[in-house]
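J.: show me how the following folds:
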Amino acid sequence: MRHEPAATTLPDPRRLSGGPRLLCPAVVMTPQGPVEGYAAVVDGGTFRAVGPAALLEREHPGLTPVLLPGHVLMPGFVDAHHHLTQSFGAALAFGEPSEIFRRVWVPLEGALDEEAAYTAAKLAALESLRGGFTTVTEAGTRAPVDAGVVAAAAGDAGIRCVLGLVCNDVPDAAGAGGTDGAAVLAAAERHLARYEGAELVHPSLAVSVPEAATARTLRDTARLATEAGAVVQIHVNEHLAAVERSLVRHGLRPLEYLREVGALGPQLLAAHATLVTPAELTLLADTGAAVSYNPVASAWKGNAVAPATTMAERGIRFGLGTDGTRGDAFRLVEAAEFAQRLAYGLATGDSSCGAGWSWLERGGPGGADAVGLGALTGRIAPGAAADFLLVDVSGPEMRTSRDLPWELVRRGNRDQITAVFVAGRLRMWRGRAVGWDDRALLQRAAELADEVVARAAVTRAHPTSTAARAGSVLR
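T.: Here you go, the predicted structure:
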């Protein structure tokens, strides 16, 4: 495959917005793979037509083709697991052992007021858009603010958001967080109704971990989500400590326990699922539950890597999630393949580990399906939401292309993303937000982050790298 170099100046970005547009890139990444000579008509937030450029020009004589030489038009990525209001403490996780939510994330989010929560969420959304994500799946904030604050931040940034509402009704080890189950369910119903029909916000329910909710609440949130066509996000089988706690408390592993109480089904989005037995893989496959595979989180703070290639072979639905580590989609798909090769491929002589197309699939349409938006986004096809990227492939990374899907996974990078569109509207142009002042946000985020971290009772197990180097006998 040969891509024409970007010798022609790209159009003014204003030509990429507004009414119906006939976009003519070098390559369109269709559900069947990359195709040269194709074009797409975008109108009213959706793809109206996708097909051979010459044919679409004849069928739409009133539209002037917008030439995009040297670019691939491809689906935007879907982040299947994020914590938007944790962005102020992203670097606090570096070098830390697993299960840091008790020592870092709970106190950090607890120190957020409304402005700080909004700013942290919008900062994370900005990073995600800049990294090629058009959808983020928010697992539910623990900040003492209304979920609408997070919804407003995502909407103002211009990203699509699957917005979780935490439905925990069991107190934590410190006796905090317990809420009457009936009140939790009433809040869940209001949350699902509140965003029904919203353009960019898609309501979801969430339980931090199975032990954070009663059996009745686990069962009822599953029922409510199923009735609403939404998902329930639960961190499942992520760390050894969590599996052991479930065994001690219930005599069952977390996924087994969810099955017993009636909460395992197509509505479940199981975050992580890194420590799963063959029997639990069968449970996932048989019930239609989905998984968010978070490879960077495994590398940074996990106990294991989810057996994603086995999940794919077993027909288990899954997408890729950042877990708030870094909002860089190309590095995420690379990590997804890389982690499988290191954890499983090397030992079995599997040099491909699903090949490049598998990880692009899980980063886009597979992720959209996992988070409940499979009918809406994740693909370049007529009727789908126009959530897409324009990626420059005319540079040294891909000019001599032989296998574009593999090259996007192994060699693609955030700097190649020229434009990001959500619901047909241009949201990012050459790494900068369109329509709002991202520099002002960055300045305010830096100020608030210092204040929040200073007052949060965060406990780290390790010093910063600078402090560690100063105290190292090896320096």
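J.: low-confidence ranges in this protein?
T.: 1-8, 172-178, 473-475 (pLDDT under 70).
J.: can I see the domain layout of it?
T.: 13-75+378-433, 77-370 (automatic domain parsing).
J.: which one of those domains lies nearest to A454?
T.: domain 77-370 (8.7 Å; CB to CB). Using the backbone N, CA and C atoms, a C-beta is placed for each residue, glycine as well.
J.: just the endpoints, please. Distance across that closest one?
T.: 13 Å (CA to CA, to the nearest Å).
J.: and for stretch 318-326?
T.: Using CA to CA, the end-to-end distance of stretch 318-326 comes out at 19 Å.
J.: please identify the helix or strand for the most centrally placed residue in the chain.
T.: Taking CA atoms, centre = their mean, the centroid of the chain lies closest to D79, which sits 1.1 Å from it. D79 belongs to strand 77-82 when assigned by DSSP states H and E.
J.: buried stuff in stretch 19-29?
T.: R21, L22, L23, C24, P25, A26, V27, V28, M29 (16 or more other CB atoms under 10 Å).
J.: list the contacts of the helix or strand hosting the second one.
T.: Okay, so that is L22. Element membership of L22 [criterion: DSSP H and E] is strand 21-30. Outside of strand 21-30, the residues within contact range by CB atoms under 8 Å, 6 or more residues apart in numbering are 1, 3-4, 15-16, 34-36, 38-43, 50, 53, 56-57, 60, 63-75, 360, 380-381, 390, 393, 404.
J.: burial count for L126?
T.: Other residues within reach of L126, judged by other CB atoms under 10 Å, total 25.
J.: give me the element P34 is part of.
T.: With DSSP H and E as the test, P34 turns up in strand 33-36.
J.: mind listing the helices for the stretch 1-150 of the chain?
T.: 53-59, 106-110, 114-130, 147-157 (DSSP state H, counting those that start in this stretch).
J.: figure out which of those is closest to S204.
T.: Among those, helix 147-157 sits nearest to S204 (CB to CB), with 10.1 Å.
J.: show me what the closest one is packed against.
T.: Helix 147-157 is packed against helix 114-130, strand 133-138, strand 160-166, strand 201-207, with contacts defined by 3 or more CB pairs under 8 Å, 6 or more residues apart in numbering; DSSP states H and E.
J.: between it and strand 201-207, how many degrees?
T.: 140 degrees (axes from the mean of the first three to the mean of the last three CA atoms, to 10 degrees).
J.: look at V458 and tell me its secondary structure.
T.: coil (DSSP: H, G, I helix; E, B strand; the rest coil).
J.: send me the strand holding L22 as PDB with only the CA atoms.
T.: Coordinates of each C-alpha in strand 21-30 appear next as PDB, following Å, rounded to 0.1, in the frame of the first residue of the first chain:
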ATOM      1  CA  ARG A  21     -18.700  17.500   4.000                       C
ATOM      2  CA  LEU A  22     -17.200  15.000   1.500                       C
ATOM      3  CA  LEU A  23     -13.900  14.000   3.000                       C
ATOM      4  CA  CYS A  24     -11.400  12.400   0.600                       C
ATOM      5  CA  PRO A  25      -8.400  11.000   2.500                       C
ATOM      6  CA  ALA A  26      -5.600   8.800   1.100                       C
ATOM      7  CA  VAL A  27      -7.000   5.800   3.000                       C
ATOM      8  CA  VAL A  28     -10.300   5.000   4.900                       C
ATOM      9  CA  MET A  29     -10.100   2.500   7.700                       C
ATOM     10  CA  THR A  30     -13.300   0.600   7.000                       C
END
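J.: partner strands of it, with direction?
T.: strand 33-36 (antiparallel), strand 38-43 (antiparallel), strand 65-75 (parallel) (DSSP bridges).
J.: could I get the CA-only coordinates of stretch 271-288 as CSV?
T.: Extracted as CSV, the C-alpha positions of stretch 271-288 are listed here (Å, rounded to 0.1, in the frame of the first residue of the first chain):
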residue,chain,number,x,y,z
ALA,A,271,-12.6,-3.9,34.7
HIS,A,272,-9.2,-5.6,34.5
ALA,A,273,-10.1,-9.3,35.0
THR,A,274,-6.3,-10.0,35.1
LEU,A,275,-6.5,-13.0,37.6
VAL,A,276,-9.0,-15.3,35.9
THR,A,277,-9.1,-19.1,36.0
PRO,A,278,-10.2,-21.2,33.0
ALA,A,279,-13.6,-21.7,34.7
GLU,A,280,-14.0,-17.9,35.1
LEU,A,281,-13.1,-17.5,31.4
THR,A,282,-16.0,-19.9,30.7
LEU,A,283,-18.3,-17.8,32.9
LEU,A,284,-17.4,-14.7,30.9
ALA,A,285,-17.9,-16.4,27.6
ASP,A,286,-21.2,-18.1,28.6
THR,A,287,-22.8,-15.0,30.1
GLY,A,288,-21.8,-12.5,27.5
